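>>> Here is my input, please return the structure:
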Amino acid sequence: MNKGIAAIIATILLLMITIALAGTAYLFVSGMLTGRTSKTISLLDASCNGTAITIVISNDGTTTVTDSELKVYIDNADKSTEFSFQPSSISPHSTAVATDATTGYSSGTHTVLVVSPSNSVRQTVYC
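The predicted model follows:
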């Protein structure tokens, strides 16, 4: 009689341990995914008029992204301080336009890379 009860108790304990481990793993993974996707951006458009590059950024995440959190690279050169975003903070599911304050891009192709805390996007611009 004791052996039968011990087997039932052991089975219940193993099930409880398995459920607890699965719950812990779920909380860990869901926390990682939420943090990585909260500030996701898209580069909707990039254009060049021969003197300045203009980009349109969309916040596809769940929290506000500020211009200080975004890094802009043109042809692998950091141009973050030269771009002015309007508005300076992008609410979730909103867009912002940024124009390079410097002038004189050479004719040809330029690579625009925008890096946010969650992802990066790249586009080629023709001047």
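>>> Domain ranges for this structure, per the record?
Residue ranges for the domains of the chain, per automatic domain parsing: 1-37, 41-126.
>>> my read: residue 87 touches residue 96, true?
Yes. Counting by C-beta atoms under 8 Å, residue 87 touches residue 96, with 5.8 Å between them. Heads up, the C-betas are built off the backbone N, CA and C, glycines and all.
>>> Which one's more surrounded, these two?
Taking neighbours as other C-beta atoms under 10 Å, residue 87 and residue 96 compare with residue 96 leading, 20 against 12.
>>> Now that one: which helix or strand?
Residue 96 belongs to strand 95-100 when assigned by DSSP states H and E.
>>> Give me the sheet partners of that strand and which way each runs.
The strands beside strand 95-100 in its sheet (DSSP bridges) come out as strand 53-59 (antiparallel), strand 83-86 (antiparallel).
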